[in-house]
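> next comes the sequence, and after it the predicted model I'd like to discuss.
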Number of protein chains: 2
Amino acid sequence: MSNPRSDLIVFAIGGNALVRSGEKGTFDEQYHNVQVVVKQIVEFMKNDNCKNRIVLTHGNGPQVGATLVRHRLADDYYPSMPLYVCTAETQGFIGYIIEQALQDELDRANMNKNVTTLLTRVIVDSNDPAFLNPTKPIGETFDDEMTDVLLRKEIVQLKKRNVGSGGTKFKLLVPSPKPITIVNYEAINSLVNAGFIVVACGGGGIPVLKKNWNTIGIDAVIDKDLASERLATSIGASTLVLLTNVDGIYRNYGKQDQELIDTISIGTDFEQKLGSQDLESGSIGPKVQASVSFIRNGGREAIVCSLQHLSNALSGISGTHFFR
Amino acid sequence: MSNPRSDLIVFAIGGNALVRSGEKGTFDEQYHNVQVVVKQIVEFMKNDNCKNRIVLTHGNGPQVGATLVRHRLADDYYPSMPLYVCTAETQGFIGYIIEQALQDELDRANMNKNVTTLLTRVIVDSNDPAFLNPTKPIGETFDDEMTDVLLRKEIVQLKKRNVGSGGTKFKLLVPSPKPITIVNYEAINSLVNAGFIVVACGGGGIPVLKKNWNTIGIDAVIDKDLASERLATSIGASTLVLLTNVDGIYRNYGKQDQELIDTISIGTDFEQKLGSQDLESGSIGPKVQASVSFIRNGGREAIVCSLQHLSNALSGISGTHFFR
């Protein structure tokens, strides 16, 4: 096609899509959930006759929390690794299960496509205010026993959080700085152009700082939607699809008059359409920010939709669509 | 160059090179050790004027042992993942530190090269006899306290091992089946041909079985030298360099008359030169097997050498060199 942006889609999958409410997060549960996700992706590819090249990104909220706790609980025996190493480890784990489940699904559908998974580092700014105010919850909400164990282990990021009727419980809250540059975008681009489906930017990427001629990891977890925007823009994707567990973005979300928004034009009706809601916290804020940035940086379309309605959303029938 | 095999080198780095004797395996220790390794690689590249394309593989013996223990110790809180997931996690961790340290070293040397890291799955055979006889030690040798803890956690692979004068101690022994096919070799090849330095095949690769249209992970750790041979052969490398902590391969190793062998010609003097030694166990056996297979499969040269003498070994001055 003449437009280089016309046939490359970045799909961002939530880490929560792999550990459902009420699940323990066993390997079998997570693998089953991945299979559900990749079936939808392959279904879309079939409908689309493989016209689009595809990159998949994913979150790691539940998994990086579990990984960090494992490191801390074993630290009498083995030195605990920093949080950014935990994200590197989840890129290995989650990347592996997405790659394998997707490749099998493609093979069963007789589609001649290879999946590959790249580690991804993402540069952040050491002066990002997020480092002074950890707000991103990772892992589960802990009961009193686990909280005691973790407090003894001096997980400094552990913060009390109001979780509603049950009073206060504990969650791990970590800094979530803005992603600036995807270190590995050229390798991702190279593989995409060679015809591979690429899994990348896992857990929002491994956060790193540049200091003179040294790169160092930093303890934080980057929002995967914002990192996916950086990646999609860097590799000239036409479309950014942010998959979530709701149907799209709502006007006055959480209020009585909430209403699904089908299209948002960045130039004209952006603010009015969203109505009054907090876009700074929660999971929908980064999705709106990522979508708006993607369009402002030259992307054609950003879509926020549920996995179940993926094919419909890509045909324009459901989800919230951001345009210029 | 006319010979497609003439300018691609696969370097295999031992997992033990990153956790030295007497070290705890902290992040700082492992990162420092990686920096020592990559300095030697970049030194070689400078001497070589970047004529050669490069792939790095690495082991994960110490790291996958630590990871498995972390999973088991935390399994009252989070479900323990299978051993093959632990290898996927070490691909994330070790791949990350190699990529970052190497990229920084290349940037400091003003060499215009990008490093990238790929997850790698490797197909093994479910009928491999290794599954009936776990022989590969992973992690450290455990003291009595840790052994008790792990026995309570029912790590079934835990085996008593004679460790010399101190009597018996415990090590984790896991099956180490032969690698058959590197699932991801085409992606690795694609990146190498696009000019990237590729880190791949970490920990010998994530071991998987093919069953009809399903791929499933299997609890085992593949020898990284044997996996590196499979990869080097698949991507048409000219040279396979197996880095270790000794100067090369010795005739009658461990005996009074041991003697470093500088060249071994597979066709003629192979058996005589090696003398009497056990090539089935220990770390030198797989290096000989991998070297011999690589040459028999069309490789030009396999080298077993120490990291310290890497540049000399590649100039033919030190190390053991396998030819046709």
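Looks like it arrived, so ask away. Note that the structure is predicted; figures quoted are calculated from it, not measured.

> mind checking the SS state of the residue nearest to A:Leu119 when sequence neighbours are not counted?
Spatial nearest neighbour of A:Leu119, excluding adjacent residues (Cβ to Cβ, 6 or more residues apart in numbering or on different chains): B:Thr117 at 4.1 Å. Heads up, the C-betas are built off the backbone N, CA and C, glycines and all. With DSSP: H, G, I helix; E, B strand; the rest coil as the basis, B:Thr117 sits in strand.

> who touches B:Thr117 in this structure?
A:Leu118, A:Leu119, B:Gln91, B:Gly95, B:Tyr96, B:Ile98, B:Glu99, B:Val198, B:Val199, B:Ala200, B:Gly202 (Cβ atoms under 8 Å, 6 or more residues apart in numbering or on different chains).

> just send those residues back as a markdown table, with distance to B:Asn60 and neighbour count too.
Below are the contacts of B:Thr117 laid out as a markdown table (distance: Cβ to Cβ, whole Å; neighbours: other Cβ atoms under 10 Å in any protein chain shown):
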| residue | distance to B:Asn60 | neighbour count |
| --- | --- | --- |
| A:Leu118 | 19 | 27 |
| A:Leu119 | 15 | 30 |
| B:Gln91 | 8 | 35 |
| B:Gly95 | 10 | 29 |
| B:Tyr96 | 13 | 27 |
| B:Ile98 | 12 | 27 |
| B:Glu99 | 15 | 27 |
| B:Val198 | 17 | 29 |
| B:Val199 | 13 | 28 |
| B:Ala200 | 13 | 28 |
| B:Gly202 | 6 | 34 |
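
> A:Phe142 - nearest residue in space that isn't next to it in sequence?
A:Phe170 (4.6 Å).

> what residues go with each domain of chain A?
Split into domains by automatic domain parsing, chain A comes to A:5-127+A:178-323, A:134-174.

> deepest-packed of those, please.
Greatest average neighbour count among these goes to domain A:5-127+A:178-323 (a mean of 21), per mean count of other Cβ atoms under 10 Å in any protein chain shown.

> centre of the chain versus that one, how much separation?
Averaged C-alpha coordinates place domain A:5-127+A:178-323 at 3 Å from its chain's average position (Cα atoms, centre = their mean, to the nearest Å).

> low-confidence ranges, the stretch 151-300 of chain A, go.
Across the stretch 151-300 of chain A, the ranges flagged by pLDDT under 70 are A:154-168, A:268-272, A:275-283.

> quick one: name the residues of it near chain B.
A:183-184, A:186-187, A:190-191, A:194, A:196, A:206, A:208, A:213-215, A:217 (Cβ under 8 Å from any Cβ of the partner chain).

> in TSV: those residues, plus secondary structure.
Formatted as TSV, these follow (three-state DSSP):
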residue	secondary structure
A:Val183	coil
A:Asn184	coil
A:Glu186	helix
A:Ala187	helix
A:Ser190	helix
A:Leu191	helix
A:Ala194	coil
A:Phe196	coil
A:Ile206	strand
A:Val208	strand
A:Trp213	coil
A:Asn214	strand
A:Thr215	strand
A:Gly217	strand
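
> which among these gets closest to B:Pro79?
A:Ile206 (24.2 Å; Cβ to Cβ).

> nearest spatial neighbour of that closest one, chain-adjacent residues omitted?
Nearest to A:Ile206 is A:Arg121, by Cβ to Cβ, 6+ apart, at 4.7 Å.

> for A:Thr181, give the beta-bridge partners.
A:Ile123 (DSSP bridges).

> I'd say it and A:Val124 touch.
No - at 9.0 Å, A:Thr181 does not count as touching A:Val124 under the criterion of Cβ atoms under 8 Å.

> before we move on, back to that, how near is the residue nearest to A:Phe142 to chain B?
13 Å (Cβ to the nearest Cβ, to the nearest Å).

> touching, that residue and A:Asp148? I think so.
No - if you go by Cβ under 8 Å, A:Phe170 and A:Asp148 don't touch, sitting 9.6 Å apart.

> ok, A:Ala12 touching A:Leu226?
No - applying Cβ under 8 Å, one finds A:Ala12 not in contact with A:Leu226, separated by 9.7 Å.

> for the residue of the stretch 151-300 of chain A found nearest chain B, which non-adjacent residue is spatially closest?
Using Cβ to the nearest Cβ, the closest approach of the stretch 151-300 of chain A to chain B is made by A:Ala187 at 3.7 Å. Computed as Cβ to Cβ, 6+ apart, the closest residue to A:Ala187 that is not its neighbour in sequence is B:Thr116, at 3.7 Å.
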